[in-house]
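K.L.:
Structure, please.
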Amino acid sequence: MSEHVTSRRPSAPSARALRLAAVLLPLGLAGAHIGPAATWLPAVRLPLCPRLAGTGSRHHVALTFDDGPDPVATPRFLDALDGLGVRATFFVLGEHAARHPALVAETARRGHELAVHGWSHARPWLPAVARESEGVARTVRAVRDLTGHRPRWYRPPYGILTSARWLAARRAGLLPVLWSAWGEDWRADATPESVRALVTTRLRGGGTVLLHDSDRSAAPGCWRSALDALPGIVRDCRAAGLAVGPLGEHGLR
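P.N.:
Numbering: from 1, shown residues only. Predicted coordinates for the structure are as follows:
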């Protein structure tokens with residue numbers, strides 16, 4: 001008696017499987033894109049990603065500013081920092097640097113460090129690898145051409161890292177740095193007292209402070225609260241035995 005072997009062809013994917021794949025694939029891609037943004041949360045960033053949080057030498061505090069250069073506000077911060085004998089790191093937006101090249105050059109001339117905040121203060125929710133990479137690269141070129149120094153650091157707008165922004169920084173040879181403490185000086189109800197209290201409450205030796213030297217992406221005039229809080233913040237750090245300076249002196253590894 002002969003045996004017959006019946007071979008079965010793999011069945012085509014069912015309509016249900018295809019519908020499930022159509023749902024899961026976009027979700028997976030979205031998760032890969034926005035997943036790194038979890039580092040925005042201090043509870044994630046501080047214990048798990050200390051270098052990304054700007055944790056450096058325990059006897060030093062890094063002072064950083066975002067969103068400039070601003071022809072109205074930035075010169076006032078530069079004068080205040082001169083009076084305090086402090087140098088800082090300014091994360092600039094490329095489009096504003098291109099509009100105010102003399103101010104960028106003056107910031108560097110006064111001994112401050114220039115870093116990259118992206119080309120514009122765009123929201124990051126949609127994947128845009130090419131746009132992010134080009135914006136970061138353009139800002140790197142602008143800072144280098146205006147100051148004679150190639151920037152080292154990158155902080156994304158809103159502090160939100162996505163996979164596209166990680167890749168853009170990596171391609172440009174930049175190290176992403178967020179912050180350890182901020183004064184929420186971008187709020188409409190911010191005051192010098194609230195900004196100082198929030199920074200000093202959250203700050204420890206080795207931390208990185210975030211303030212803003214512009215209100216273009218925040219409440220109008222809010223930079224005044226940061227400016228008026230600045231002397232007190234520096235005094236508080238020095239009273240605790242902490243030096244204050246730019247990221248380049250912060251011992252990040």
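K.L.:
For the rest of this, base every contact and every neighbour count on C-alpha atoms.
P.N.:
Fine.
K.L.:
Please, where are all the helices along the protein?
P.N.:
15-34, 42-48, 74-84, 94-99, 101-109, 129-147, 163-172, 192-202, 223-239 (DSSP state H).
K.L.:
any chance of those in JSON lines, plus mean pLDDT and mean neighbour count?
P.N.:
Formatted as JSON lines, these follow (pLDDT from 0 to 100; neighbours: other C-alpha atoms under 10 Å):
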{"stretch": "helix 15-34", "mean pLDDT": "46", "mean neighbour count": "12"}
{"stretch": "helix 42-48", "mean pLDDT": "88", "mean neighbour count": "14"}
{"stretch": "helix 74-84", "mean pLDDT": "98", "mean neighbour count": "16"}
{"stretch": "helix 94-99", "mean pLDDT": "97", "mean neighbour count": "19"}
{"stretch": "helix 101-109", "mean pLDDT": "98", "mean neighbour count": "18"}
{"stretch": "helix 129-147", "mean pLDDT": "95", "mean neighbour count": "20"}
{"stretch": "helix 163-172", "mean pLDDT": "94", "mean neighbour count": "20"}
{"stretch": "helix 192-202", "mean pLDDT": "96", "mean neighbour count": "18"}
{"stretch": "helix 223-239", "mean pLDDT": "98", "mean neighbour count": "20"}
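K.L.:
Give me the pLDDT for the residue nearest to the spatial centre of the chain.
P.N.:
In the chain, the C-alpha nearest the mean C-alpha coordinate belongs to residue 155, at 2.2 Å (C-alpha atoms, centre = their mean). pLDDT for residue 155: 98.
K.L.:
out of the helices of the chain, which comes closest to residue 211?
P.N.:
Comparison of the helices of the chain against residue 211 by C-alpha to C-alpha identifies helix 223-239 as nearest, at 6.5 Å.
K.L.:
Identify the residues contacting the closest one?
P.N.:
61, 73, 76-77, 80, 84, 183, 185-186, 190-193, 195-196, 199-200, 211-215, 243-244 (C-alpha atoms under 8 Å, 6 or more residues apart in numbering).
K.L.:
Bridged to residue 64, which residues?
P.N.:
Taking DSSP bridges as the rule, residue 64 bridges to residue 89, residue 210.
K.L.:
Can you verify my assumption that it contacts residue 92?
P.N.:
No - using C-alpha atoms under 8 Å, residue 64 is not in contact with residue 92; the gap is 10.6 Å.
K.L.:
Please export the C-alpha coordinates of stretch 95-104 as PDB.
P.N.:
Below are the C-alpha coordinates for stretch 95-104, written out as PDB (Å, rounded to 0.1, in the frame of the first residue of the first chain):
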ATOM      1  CA  GLU A  95      17.800  80.800  13.600                       C
ATOM      2  CA  HIS A  96      18.300  83.400  16.300                       C
ATOM      3  CA  ALA A  97      22.100  83.100  16.100                       C
ATOM      4  CA  ALA A  98      22.000  83.800  12.400                       C
ATOM      5  CA  ARG A  99      19.900  86.900  13.000                       C
ATOM      6  CA  HIS A 100      22.100  88.300  15.800                       C
ATOM      7  CA  PRO A 101      25.700  87.200  14.900                       C
ATOM      8  CA  ALA A 102      27.300  90.000  16.800                       C
ATOM      9  CA  LEU A 103      25.600  89.000  20.000                       C
ATOM     10  CA  VAL A 104      26.800  85.400  19.600                       C
END
